[in-house]
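Q: The following block contains a protein sequence and its predicted model.
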Amino acid sequence: MSSGDSNPAATPTPGVDTQGDGRWMSLHNHFVSNSKDKEPDVLFVGDSLVQLLHQFEVWRDLFSPLHALNFGVGGDATQHVLWRLSNGELAHISPKVVVLWVGTNNHGHTAEQICGGIMAIVQLIKDKLPKAYTLVLGVLPRGKMPNSLRERNAQVNKLVQEAVSSLPHASLLNVDPGLVHSDGSISHQDLYDYLHLTPQGYQAVCQPLHTHLKGLLEKQAEN
Amino acid sequence: MSGDEINPAAVAQAVEDVQGDDRWMSQHTRFVQECKDAEPEVLFIGDSMVQLMQQYEIWRELFSPLHALNFGIGGDTTCNVLWRLQNGELDNIRPKVTVVWVGTNNHEHSAEQVAGGILAIAQLLTSRLPKTKVVVLGLLARGDGPNPLREKNAAVNGFLRSWLPRLGQAQFLDVGVGFVHSDGTISTRDMFDFLHLTAAGYRAIAKPLSDLLLQILDETPEEKRASLV
């Protein structure tokens, strides 16, 4: 696996304010200060797929009861999540499980580089939270019809699965509920813009995730 | 604004597929297809502020009953909306009201240009659909604290307030009241990323909007549909 220096996906990089309202840094600061008086058992971290999850009923139904915090930022790629976790978002909490869902926004990076970025995050979490378990969620397919990003994302999942297979503190969970139909298409009822999940899409993804999480938490409690 | 200069915010432009999965065109194609199948009374068009609304309960509660179509696409500028309207998204439909909400993504353009782009959209709508009423929603404040984009969006709204009434069939609705607190901050309870609305945020804007829509639909001389009662 390439070192952080040569893999841009594994080099901590803050978001750049190109628009003019500093929202990325505001969100990061909000997460850091928000974590100071919370004691979450589960931390969700990643991109808009994590962030949007927090807005729908499914979060309140399935994940609030597990004492979960949500540190998702829309548009984030692996290097952004790496920077955030290295700069305060893990400083004040000790979750038992970290759910990591990122990689689809790593445009311009190869599947190998994206896998390297995800594994760098897994390693960082282990360094900062030695007792935590990291559950990496598989990157979902995207686009209405077959395209190169679907292939890239599938390859990322395959590489990450191989990389975590030898690790006791991490695993990959495939949460794709069958988004791609037999004709290769994805429905807007599941991904309203062929990338982001609808509430219905989240239900299908989150039920098995919730079950799996509960199992992990019970196992963590035994240790 | 000089009549000789072309306003870049009023030039129709499709979104290029840079990411590689052609999602923008897929969404546009789906909307064109929806025009063939549906008979909407209300058409919503714009950016993610429009698109995301359909994912929350409030859409089903307040706008589905009005037979509304949602043609929002995240990231869209006035140029993109103009292109979509000129390329099929108005074909075969005769909505009584069109709600336009776009402009916050026009990062390359000045406030005056953005307002000009929105005006061009309103003009296109009234010329293609002579009987439609156009409701233009004001741009919301954004960002955690005061910043140049808030000033820009407020300036866009200022231009729209004076220009839109001249169009006769178009009106401006400010739905941004109350989002900025006295200390200048916006809460993540209203905008989860200081830009996009939460369910609570949408609830706050949906009430005045749905009231206005009902009022306009009521004024339209046609027998009332049972669903509106």
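A: It's in.

Q: Quick check: pLDDT value at the residue most central in space within chain B.
A: Among the residues of chain B, the one closest to the centroid is B:Trp101, at 1.7 Å (Cα atoms, centre = their mean). At B:Trp101, the model reports a pLDDT of 98.

Q: likewise B:Met1?
A: 50.

Q: Ok, the one 5 residues further on next?
A: Predicted confidence (pLDDT) at B:Ile6: the value is 93.

Q: Kindly report the same for A:Ser64.
A: With respect to pLDDT, A:Ser64 has a value of 97.

Q: Also B:Leu119?
A: 98.

Q: what sits opposite the residue nearest to the centre of chain B in the beta ladder?
A: Note on B:Trp101: beta-bridge partners B:Gly46, judged by DSSP bridges.

Q: got any ranges where the chain has weak pLDDT?
A: Here I'm looking at chain A. For chain A, the stretches with pLDDT under 70 are A:1-5, A:223.

Q: oops, chain B please
A: Applying pLDDT under 70 to chain B flags residues B:1-4, B:220-229.

Q: Where does the residue sitting furthest away from the middle of it sit: helix, strand or coil?
A: The centre of chain B is farthest from one residue, B:Asp183, which by Cα atoms, centre = their mean lies 28.2 Å away. Under DSSP: H, G, I helix; E, B strand; the rest coil, B:Asp183 falls in the coil class.

Q: For A:Gln155, see how far away it is.
A: From B:Asp183 across to A:Gln155, the span is 48 Å (Cβ to Cβ, to the nearest Å). C-beta coordinates here come from the backbone N, C-alpha and C atoms, glycine included.

Q: Can you show me the helices along chain A?
A: With DSSP state H as the criterion, chain A has helices at A:23-34, A:48-53, A:57-58, A:78-86, A:111-128, A:148-164, A:199-222.

Q: who touches the fifth one?
A: If you take Cβ atoms under 8 Å, 6 or more residues apart in numbering or on different chains as the criterion, helix A:111-128 is touched by A:1-2, A:4, A:7-10, A:77-79, A:81-82, A:85-86, A:90, A:98, A:100, A:102-103, A:106, A:109, A:132, A:134, A:136, A:152, A:155-156, A:159-160, A:163-164, A:167, A:169-170.

Q: Narrow those to just the buried residues.
A: A:4, A:7-10, A:77-79, A:81-82, A:85-86, A:90, A:98, A:100, A:102-103, A:106, A:109, A:132, A:134, A:136, A:152, A:155-156, A:159-160, A:163-164, A:170 (16 or more other Cβ atoms under 10 Å in any protein chain shown).

Q: Among those residues, which ones lie close to chain B?
A: The subset of the buried ones among the contacts of helix A:111-128 within reach of chain B, by Cβ under 8 Å from any Cβ of the partner chain, is empty.

Q: In the sheet, which residues pair with the residue most central in space within chain A? Tell me.
A: For chain A, the residue nearest the mean C-alpha position is A:Trp101 (1.4 Å; Cα atoms, centre = their mean). With DSSP bridges as the criterion, A:Trp101 is bridged to A:Gly46.

Q: Please tell me I have it right and it contacts A:Gln51.
A: No. A:Trp101 is not in contact with A:Gln51 according to Cβ atoms under 8 Å; the separation is 9.9 Å.

Q: Need the residues touching each of those two.
A: Common neighbours of A:Trp101 and A:Gln51 (Cβ under 8 Å, 6+ apart) are A:Gly72.

Q: Buried ones in the helix or strand encompassing B:Gly117, by neighbour count?
A: Secondary structure from DSSP states H and E places B:Gly117 in helix B:111-128. Residues of helix B:111-128 classed as buried by neighbour count (16+ other Cβ under 10 Å): B:111, B:113-122, B:124-126.

Q: and these near chain A, which?
A: Okay, of the buried residues of helix B:111-128, nothing touches chain A (Cβ under 8 Å from any Cβ).

Q: so which of those comes closest to chain A?
A: B:Ala111 (12.4 Å; Cβ to the nearest Cβ).

Q: Go ahead and confirm that closest one touches B:Phe159.
A: Yes. Between B:Ala111 and B:Phe159 there is a contact at 6.7 Å, judged by Cβ under 8 Å.
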